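Asker: Sharing a sequence plus its predicted fold:
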Amino acid sequence: MTPLIGPANFMFFGFFPAAILSVVIPVIGIALFTYIMARRIAPLVRSAPDNRFDNIPERIKNLIVIWLAQWRQPRYMVAGVLHIVIFAGFLILSIRSTSLVIIGISHDFVLPGFDGIIGNIYNFFKDYAATAVLVACIVAAFRRGIIRPERYAVPAKYGKDHTAEAVFVLGVISTLMISESLFEATELAAEMQHTGHAEFLAPLSLVWIFREMVSGLSHSTLQGLHIVMYYIHDLTFFFFLCFLPMGKHFHVITSIFNVFFMRVKKGNIKPVKHGVSAEELDNLESLGVKKLEDFTWKHILDFYSCADCGRCSDQCPANAVGRPLSPRFITIKARDLIFRNYPLKSDVIYKSKLLVEDIYTEEEIWSCTTCGACEQECPLGIEYIDKIVDLRRGMVDEGMVPQSLQKPLKALEKRGNPYGIMEKKRSDWCTDKEFLPVLPDNLKQRFITFSVFII
Ligand code: HEM
Ligand code: SF4
Ligand code: SF4
């Protein structure tokens, strides 16, 4: 009995080389992914400029703390811990997934540096990583599908529920974990049958469990399973890659950029237009954000990066008191609009309409207190204050002023004050008050100098 034939040397029906499939799947997968990404990048290129290459040390720190260490995740403990497991597992397993693609073409391929002891240590941790990711996905799917925490709910006015997509992706990740582990377990079981001794494996890991389960199967069944699992993994891997830019899991790709370019200074507002001086403002044809492409490229990247977790809305005071504002849906509505305006199927780019008519309401945008709680909470560094202020600038430029401000603004324009009182009546308020005599400034100065001299 010989060990199993790998996908690089296997022949389907005795004549069709499986290696052809091992080349075709990645080539089609990568080509499709490149096309999809080109469509996703189109609105980024057409959007407004924004210099985010300042404060590099601070940005690197954010990358380490917020992206790599997932610092903000455990603020919501259960979801946070589950995510840390999935994220860490993914980082570890991305090495294995990459080498698996090449193993389909070259059987003995080993990533440089991964032969010998390093490879053994890596395999040990990788087996546990796959196990932990599978357990985390099952718990997360149970949470999303059965427990359904309130913060993920989609109010009817914002469209249909997002649970199916969340559970589907958890299923896709689980498929990757199971197929990778079974692919390896069948090979190890065949080797065990061949040599008579079991190779040391991470105890109770998925590969270990699967090897125990399949060790009694015949050689031909193990061979079949080995090849089937390889191509299930390969197809799922490239399907997942192309599926990521279609929705909330785009953050798997964009998060690293979004966190690096996130706002580092607090308490300031974005200028009306980057690179335009205050004197030049009067010459601008249009102010603020009115259509999609008026947002900066970072703000478009924000829309792509949202993981749809609802933490921002959960912390938003306007949302809490029932105002018609949920920051999560400011983002989701914009992302849906980008997908509509830049469809994958054709090169047509629809002319964007005014955002505050098309997807937002005036009341929604005026409801924000610009407190920044949403930004403080978001694990992906997504911004709201600048977007909302820019949308308001666009609305005011279009004459869309909220009722409560219309009167004072008109008065300011007409009388120079928000109360609408005539200028000559400006000092009326003090006629019935008694005041101490006021010393002229130069006398006050002399008095102070004299006192200091005496002391
Ligand atoms: C690169 C690998 C990553 C993978 C594979 C991944 C995968 C996932 C998955 C599967 C979910 C959905 C979980 C669920 O529905 O219960 C999720 C949610 C989420 N991800 Fe990621 N993610 C990655 C990176 C990141 C990074 C780097 C961040 C932040 C910096 C992040 C932030 C989030 C947030 C905030 C959620 C929502 C968590 C919640 O429900 O409260 N992800 N991610
Ligand atoms: S900044 Fe606006 S959207 Fe964000 S939490 Fe405060 S009120 Fe809500
Ligand atoms: S903006 Fe951030 S906090 Fe809000 S739903 Fe999206 S990822 Fe979650």
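Answerer: It's in. Ligands and ions are numbered 1, 2, ... in the order given.
Asker: ranges for the strands of the chain?
Answerer: For the chain, the strands defined by DSSP state E occupy 11-12, 16-17.
Asker: who does the first one pair up with?
Answerer: Paired neighbours of strand 11-12 in the sheet (DSSP bridges): strand 16-17 (antiparallel).
Asker: what about Leu412, how many neighbours?
Answerer: Per other CB atoms under 10 Å, the neighbour tally for Leu412 reads 14. In this view, the C-beta of every residue, glycine as well, is placed from N, C-alpha and C.
Asker: contacting residues for the residue nearest the centre of the chain?
Answerer: The residue lying closest to the centre of the chain (CA atoms, centre = their mean) is Ser305, at 2.5 Å. Neighbouring residues of Ser305 by CB atoms under 8 Å, 6 or more residues apart in numbering: Phe250, His251, Thr254, Ser255, Asn258, Leu380, Gly381, Ile382.
Asker: how about 7 Å then?
Answerer: Shown in contact with Ser305 (CB atoms under 7 Å, 6 or more residues apart in numbering): Phe250, His251, Thr254, Ser255, Asn258, Leu380, Ile382.
Asker: Same question for Lys333.
Answerer: Contacts of Lys333 (CB under 7 Å, 6+ apart): Ile359, Tyr360.
Asker: go again using 10 Å as the cut-off
Answerer: Tyr158, Gly159, Phe303, Ser326, Leu355, Asp358, Ile359, Tyr360, Glu364 (CB atoms under 10 Å, 6 or more residues apart in numbering).
Asker: what about the helices in the stretch 351-455 of the chain?
Answerer: 355-358, 362-366, 373-377, 385-397, 403-415, 441-454 (DSSP state H, counting those that start in this stretch).
Asker: Just name the most buried of these.
Answerer: helix 385-397 (a mean of 21; mean count of other CB atoms under 10 Å).
Asker: Kindly reformat the contacts of Ser305 as JSON lines containing distance to Lys414, pLDDT and neighbour count.
Answerer: Listed next are those as JSON lines, based on distance: CB to CB, whole Å; pLDDT from 0 to 100; neighbours: other CB atoms under 10 Å:
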{"residue": "Phe250", "distance to Lys414": "50", "pLDDT": "98", "neighbour count": "21"}
{"residue": "His251", "distance to Lys414": "50", "pLDDT": "98", "neighbour count": "21"}
{"residue": "Thr254", "distance to Lys414": "48", "pLDDT": "98", "neighbour count": "20"}
{"residue": "Ser255", "distance to Lys414": "50", "pLDDT": "98", "neighbour count": "20"}
{"residue": "Asn258", "distance to Lys414": "46", "pLDDT": "98", "neighbour count": "24"}
{"residue": "Leu380", "distance to Lys414": "46", "pLDDT": "98", "neighbour count": "22"}
{"residue": "Ile382", "distance to Lys414": "41", "pLDDT": "98", "neighbour count": "29"}
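Asker: In terms of distance to ligand 1, which of these ranks first?
Answerer: Nearest to ligand 1 out of the contacts of Ser305 is Ser255 (CB to the nearest ligand atom; 3.7 Å).
Asker: Contacts only, for that closest one.
Answerer: Ser255 neighbours (CB under 10 Å, 6+ apart): Leu63, Ile66, Trp67, Phe87, Tyr304, Ser305, Ala307, Pro379, Leu380, Gly381.
Asker: 7 Å - rerun?
Answerer: So Ser255 contacts Trp67, Ser305, Leu380 (CB under 7 Å, 6+ apart).
Asker: of those, list those near ligand 2.
Answerer: Contacts with ligand 2 within the contacts of Ser255, counted by CB under 6 Å from any ligand atom: none were found.
Asker: Make JSON lines out of those and add distance to Ala130.
Answerer: Output for the contacts of Ser255, formatted as JSON lines (distance: CB to CB, whole Å):
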{"residue": "Trp67", "distance to Ala130": "22"}
{"residue": "Ser305", "distance to Ala130": "26"}
{"residue": "Leu380", "distance to Ala130": "25"}
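Asker: Name the nearest of these relative to Phe210.
Answerer: For the contacts of Ser255, the minimum distance to Phe210 (CB to CB) is 32.5 Å, reached by Trp67.
Asker: I'd say that closest one and Phe257 touch.
Answerer: No: the criterion here is CB atoms under 7 Å, and Trp67 misses it with Phe257 at 9.6 Å.
Asker: Distance to Pro271 added to the contacts of Ser305, as TSV?
Answerer: Formatted as TSV, the contacts of Ser305 follow (distance: CB to CB, whole Å):
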residue	distance to Pro271
Phe250	28
His251	28
Thr254	25
Ser255	27
Asn258	21
Leu380	24
Ile382	20
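Asker: what about the top helix by length along the chain, near ligand 1?
Answerer: Counting by DSSP state H, the longest helix found in the chain is helix 163-195. Yes: shown here: helix 163-195 in contact with ligand 1 (CB under 6 Å from any ligand atom) through Ala166, Val169, Leu170, Ile173.
Asker: can you list these in JSON lines and add distance to ligand 2 and pLDDT?
Answerer: Shown next, in JSON lines, are the residues of helix 163-195 next to ligand 1 (distance: CB to the nearest ligand atom, whole Å; pLDDT from 0 to 100):
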{"residue": "Ala166", "distance to ligand 2": "23", "pLDDT": "97"}
{"residue": "Val169", "distance to ligand 2": "27", "pLDDT": "98"}
{"residue": "Leu170", "distance to ligand 2": "28", "pLDDT": "98"}
{"residue": "Ile173", "distance to ligand 2": "31", "pLDDT": "98"}
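Asker: Adding neighbour count and distance to ligand 3, write those residues out as a markdown table.
Answerer: Converted to a markdown table, those look like this (neighbours: other CB atoms under 10 Å; distance: CB to the nearest ligand atom, whole Å):
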| residue | neighbour count | distance to ligand 3 |
| --- | --- | --- |
| Ala166 | 22 | 12 |
| Val169 | 21 | 15 |
| Leu170 | 23 | 17 |
| Ile173 | 23 | 18 |
